[in-house]
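S.K.: Need coordinates for the below:
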Amino acid sequence: MQNEVSRVKKAITVIIFGLIGQALCWITMNVGFAITTEIIALIIHAILAPVFFFMVSVIYFKKFNYTTPIITAIIFISIVVSMDFFIVALLIEQSFDMFLSPIGTWAPFTMIFLSTLITGKLINR
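M.R.: Sure, this is the predicted structure:
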């Protein structure tokens with residue numbers, strides 16, 4: 001039973017770190033849309049998203065390191081894509097047009113995945 005609780009706590013920990021990264025991205029987008037044009041907000045987000053996930057990953061891998069870099073990258077990007085799909089596209093925008101934008105979704109998705117993976121590999125050397 002103790003081992004089961006430990007696994008659940010570890011899973012919750014990695015999910016929380018993914019959600020923190022996602023929250024930082026959402027804050028960036030909301031502030032960006034409020035103070036600048038859509039394209040500038042998207043560019044800023046595309047630049048900052050991998051930076052946010054780098055910072056989140058450094059803390060996660062140094063303090064917890066429960067999952068391998070590839071598994072962590074898969075979990076983080078799964079959280080981001082799921083939240084963008086279900087919350088942003090379905091509930092907020094009620095449109096999937098955001099997924100047509102390379103700078104709005106696909107570039108940040110790719111960079112989040114790579115940032116997490118590379119950070120984990122470097123820390124776990």
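S.K.: Quickly find the element holding Ser6.
M.R.: helix 2-35 (DSSP states H and E).
S.K.: Quick check: mean pLDDT of that helix?
M.R.: Across helix 2-35, pLDDT averages out at 96.
S.K.: For that helix, name the packing helices and strands.
M.R.: helix 38-63, helix 69-83 (3 or more CB pairs under 8 Å, 6 or more residues apart in numbering; DSSP states H and E). For every residue, glycine as well, the C-beta is placed using N, CA and C.
S.K.: want to throw the ones you listed into a markdown table with distance to Leu100?
M.R.: Below are those laid out as a markdown table (distance: least, CB to CB, whole Å):
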| stretch | distance to Leu100 |
| --- | --- |
| helix 38-63 | 12 |
| helix 69-83 | 15 |
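S.K.: shouldn't Phe52 be in contact with Cys25?
M.R.: Yes: contact criterion CB atoms under 8 Å: Phe52 and Cys25 qualify, at 6.3 Å.
S.K.: show me the residues around Lys62 that make contact.
M.R.: Neighbouring residues of Lys62 by CB atoms under 8 Å, 6 or more residues apart in numbering: Ile123.
S.K.: Just the buried residues of the helix or strand bottoming out on mean pLDDT in the chain, please?
M.R.: One helix or strand of the chain scores below all others by mean pLDDT, DSSP states H and E: helix 2-35, with a mean of 96. For helix 2-35, burial by neighbour count (16 or more other CB atoms under 10 Å) applies to Val14, Phe17, Gly18, Ile20, Gly21, Gln22, Leu24, Cys25, Thr28, Met29, Gly32.
S.K.: Would you format the residues you listed as JSON lines with distance to Met111 included?
M.R.: Below are those laid out as JSON lines (distance: CB to CB, whole Å):
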{"residue": "Val14", "distance to Met111": "19"}
{"residue": "Phe17", "distance to Met111": "17"}
{"residue": "Gly18", "distance to Met111": "15"}
{"residue": "Ile20", "distance to Met111": "17"}
{"residue": "Gly21", "distance to Met111": "12"}
{"residue": "Gln22", "distance to Met111": "14"}
{"residue": "Leu24", "distance to Met111": "14"}
{"residue": "Cys25", "distance to Met111": "11"}
{"residue": "Thr28", "distance to Met111": "13"}
{"residue": "Met29", "distance to Met111": "15"}
{"residue": "Gly32", "distance to Met111": "16"}
